[in-house]
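>>> Any chance you could fold what I've pasted below:
(one chain, ligands or ions: 3)
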Amino acid sequence: MTSTSEAQLAAAQRQDAGAERVLTVALLGGGTVGSQVARILLDDAEALTARAGARLELAGIAVRNVGAPRDVELPRELYTTDAEGLVARADLVIELMGGIEPARTHILAALRHGASVVTGNKALLAQDGATLFDEADANDAELNFEAAVAGAIPIIRPIRESLSGDRITRVLGIVNGTTNFILDSMDTTGAQFADVLAEAQRLGYAEADPTADVEGLDAAAKAAILASLAFHTRVSLDDVRCEGITKVSAADIAAAQDAGMTIKLLAIAELVADGAHGAGTGKGEGVSVRVHPTLLPRTHPLAAVHGAYNAVFVEAENAGSLMFYGAGAGGAPTASAIMGDVVTTARRIVAGSPGRAGTATRVLPIVGPESITTSYSVGLEVADQPGVLSRVASVFAQHGVSIETMRQQIHGTEKAGGAGAAADKDPAGRGEGASRAELRFVTHRATEAALAATVADIKNLDVVESVTSVLRVEGV
Ligand SMILES: NC(=O)C1=CN([C@@H]2O[C@H](COP(=O)(O)OP(=O)(O)OC[C@H]3O[C@@H](n4cnc5c(N)ncnc54)[C@H](O)[C@@H]3O)[C@@H](O)[C@H]2O)C=CC1
Ligand SMILES: N[C@@H](CC=O)C(=O)O
Ligand code: NA
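Ligands and ions are numbered 1, 2, ... in the order given. Model (predicted):
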């Protein structure tokens with residue numbers, strides 16, 4: 001039997017041994033996030049050593065151009081273009097280059113020689129996560145990626161660990177800071193899309209190619225990662241139905257405001273019934289993952305998420321609804337998530353007990369839009385003449401799409417009504433000389449196919465000049 005003093009001595013010796021241990025850290029990328037990670041590693045070295053149980057020695061920062069001007073002042077001798085050499089001598093690699101290659105090759109090389117990896121690279125994880133997780137597990141190495149989804153917000157670890165004993169049924173959120181910043185500025189200041197995008201780039205929120213942000217691909221990559229973890233399956237970027245914000249116009253935002261709503265880019269991942277068995281039976285379940293601009297009532301909690309902030313709702317069978325909120329992008333906030341992973345990973349290296357990287361335990365089918373119903377908002381420019389409303393309304397009826405509300409605007413005069421008003425009334429209140437009216441319908445839940453068929457037939461009506469927008473609606 002070991003005496004207390006012997007146990008204390010052994011513990012003190014273990015602590016001493018840990019304190020002396022040095023982990024060589026390779027940082028790949030010294031841009032918006034990488035430079036902040038390097039700053040923290042150097043400035044907080046003592047505190048990090050105490051928390052990690054080992055000294056984290058930054059061996060170098062791999063960049064494209066060693067001489068490029070930088071916002072954060074760091075010792076010049078740390079910079080190198082030899083990423084491969086840096087990886088070869090590292091115990092822990094922090095990948096913040098972004099993109100698929102050469103990031104993928106460097107991560108695999110690190111894992112193959114038993115080094116652990118921390119990354120914020122959602123594009124790579126959503127495209128080829130399975131290969132990386134398998135390699136990590138095969139080599140008893142760690143692969144952590146908290147920064148990859150919703151920046152500083154702890155969301156990966158809560159889903160992977162805290163909720164691993166529950167059954168998550170839905171994840172819904174704002175997971176792209178750039179597009180939220182753009183939509184929010186358009187909503188609050190009436191700013192133009194291009195000006196706001198330039199500001200988001202200047203503030204370090206946007207991806208190197210901001211197309212990934214505005215076309216919804218960055219949010220789609222994050223949605224794929226969240227769905228994979230939440231439902232213990234494998235979802236890749238190709239499985240996500242994705243629509244960005246480039247078609248959202250100032251008129252859409254103004255119309256949303258008039259209706260007491262706002263437009264947000266939402267990522268939605270849910271377990272749904274696939275075929276004969278319902279979700280909840282464990283059989284016949286599928287996964288639907290989608291990203292699209294969405295109309296939300298201004299009273300909805302996600303409507304209050306401003307600027308580059310993100311928020312994620314998780315619905316779980318036993319926990320109920322949980323909401324995670326915080327900074328979704330930017331150098332320092334994202335570096336916080338990276339450093340959390342670095343300390344956790346270092347502790348596990350010191351303890352010699354790496355966790356499992358892959359969490360997929362089953363293969364769930366991806367469910368197509370035919371199984372999903374949503375409410376829609378449909379905007380039309382029509383000729384302002386008797387009978388137009390009833391002709392449009394009858395097309396909705398033909399396709400079984402029920403109208404919840406209708407609003408019309410004629411020369412600045414607005415009238416609102418319920419489904420009955422839409423179906424039964426002519427566009428009363430026409431101003432003298434008015435020749436066109438704008439109609440906005442909100443439907444009850446309908447399938448995408450029914451809605452698409454409705455819109456196609458509406459477009460063919462001779463009284464319809466154009467369909468100005470089709471947006472999904474949540475929270476009504
Ligand atoms: N900026 C943000 O708010 C967030 C970024 N991320 C992710 O973090 C990663 C890094 O993002 P940022 O720091 O914003 O990017 P960045 O474009 O500011 O920096 C990239 C860095 O990697 C280096 N690099 C790129 N390709 C290289 C190559 N082939 N060889 C050597 N060096 C190379 C560049 O020289 C630069 O130092 C990306 O995966 C991004 O998606 C994740 C969450 C938030
Ligand atoms: N470009 C991304 C950065 C964080 O992931 C965003 O805008 O959210
Ligand atoms: Na995060």
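>>> Near residue 339, how many other residues are there?
23 (other CB atoms under 10 Å). Where you see a C-beta, it was placed from the backbone N, CA and C, and this is true even at glycine.
>>> Those residues of the stretch 151-300 of the chain touching ligand 2, which are they?
151, 176-178, 205-207, 213, 218 (CB under 6 Å from any ligand atom).
>>> Filter these down to just the ones in helices.
Per DSSP state H, helices hold the following members of these: 177-178, 213, 218.
>>> Tell me which other helices or strands the lengthiest helix in the chain touches.
If you go by DSSP H, the chain has its longest helix at helix 331-351. Helix 331-351 sits against strand 22-28, helix 32-43, helix 45-52, strand 92-95, strand 116-119, strand 143-144, with contacts defined as 3 or more CB pairs under 8 Å, 6 or more residues apart in numbering; DSSP states H and E.
>>> does ligand 1 sit close to that helix?
Yes - against ligand 1, helix 331-351 shows contacts by CB under 6 Å from any ligand atom at residue 334.
>>> C-terminal to that helix, which secondary structure element comes first?
strand 373-383 (DSSP states H and E).
>>> With adjacent residues omitted, what lies nearest to the residue in the stretch 1-150 of the chain that ligand 1 sits nearest to?
Of all residues in the stretch 1-150 of the chain, residue 31 sits closest to ligand 1, at 1.9 Å by CB to the nearest ligand atom. Take residue 31 and drop its neighbours on the chain: the residue closest to it by CB to CB, 6 or more residues apart in numbering is residue 96, 7.0 Å away.
>>> How about the contacts made by that neighbour?
The contact partners of residue 96, taken as CB atoms under 8 Å, 6 or more residues apart in numbering, are 27-31, 33-34, 37, 119-121, 338.
>>> CSV please, covering those and showing pLDDT and neighbour count.
Below are the contacts of residue 96 laid out as CSV (pLDDT from 0 to 100; neighbours: other CB atoms under 10 Å):
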residue, pLDDT, neighbour count
27, 98, 31
28, 98, 27
29, 98, 25
30, 98, 27
31, 97, 19
33, 98, 25
34, 98, 27
37, 98, 30
119, 98, 27
120, 98, 26
121, 98, 26
338, 98, 28
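>>> middle-most residue in the protein, spatially?
The centroid of the chain falls nearest to residue 175 when counting by CA atoms, centre = their mean (3.1 Å).
>>> I figured it was touching residue 309, is that so?
No - using CB atoms under 8 Å, residue 175 is not in contact with residue 309, being 10.8 Å away.
>>> Which neighbours do these two have in common?
Joint contacts of residue 175 and residue 309 (CB under 8 Å, 6+ apart) are residue 328.
>>> What is the helix or strand hosting residue 84 packed up against?
Using DSSP H and E, residue 84 falls within helix 83-88. Contact analysis of helix 83-88 by 3+ CB pairs under 8 Å, 6+ apart lists strand 22-28, strand 55-62, helix 103-112 as its packing neighbours.
>>> residues from the protein in reach of ligand 1?
So the chain meets ligand 1 at 29-34, 62-64, 83, 96-98, 102, 120-122, 147, 151, 204-205, 207-208, 329-330, 334 (CB under 6 Å from any ligand atom).
>>> give me that answer again for 5 Å
Contact residues (CB under 5 Å from any ligand atom) of the chain with ligand 1: 29-33, 63-64, 96-98, 120-121, 151, 208, 329, 334.
>>> Restricting to those, which residues neighbour ligand 3?
Restricting the residues of the chain next to ligand 1 to those touching ligand 3 (CB under 5 Å from the ion) yields no residues.
>>> Could you identify the most distant pair in these?
In these, two members sit farther apart than any others by CB to CB. They are 64 and 151, at 23.2 Å.
>>> Looking at those two, which is more packed in?
Neighbours were counted for residue 64 and for residue 151 using other CB under 10 Å; residue 151 has more, 30 against 11.
>>> I'd say that one and residue 309 touch.
No - using CB under 8 Å, residue 151 is not in contact with residue 309; the gap is 9.3 Å.
>>> Walk me through the domains of this structure.
Structural domains annotated on the chain: 4-152+335-351, 156-327, 372-473, as defined by automatic domain parsing.
>>> Keeping just the C-alphas, turn stretch 98-112 into PDB.
The C-alpha coordinates for stretch 98-112 follow below in PDB (Å, rounded to 0.1, in the frame of the first residue of the first chain):
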ATOM      1  CA  GLY A  98      -6.600  27.400 -45.200                       C
ATOM      2  CA  GLY A  99      -7.600  25.700 -48.500                       C
ATOM      3  CA  ILE A 100      -7.300  22.100 -49.500                       C
ATOM      4  CA  GLU A 101      -3.700  21.800 -50.700                       C
ATOM      5  CA  PRO A 102      -1.000  21.900 -49.400                       C
ATOM      6  CA  ALA A 103      -2.800  22.000 -46.000                       C
ATOM      7  CA  ARG A 104      -4.100  18.400 -46.500                       C
ATOM      8  CA  THR A 105      -0.600  17.000 -47.300                       C
ATOM      9  CA  HIS A 106       1.000  18.700 -44.300                       C
ATOM     10  CA  ILE A 107      -1.800  17.500 -41.900                       C
ATOM     11  CA  LEU A 108      -1.500  13.900 -43.100                       C
ATOM     12  CA  ALA A 109       2.400  14.100 -42.900                       C
ATOM     13  CA  ALA A 110       2.100  15.300 -39.300                       C
ATOM     14  CA  LEU A 111      -0.400  12.600 -38.300                       C
ATOM     15  CA  ARG A 112       1.700   9.900 -40.000                       C
END
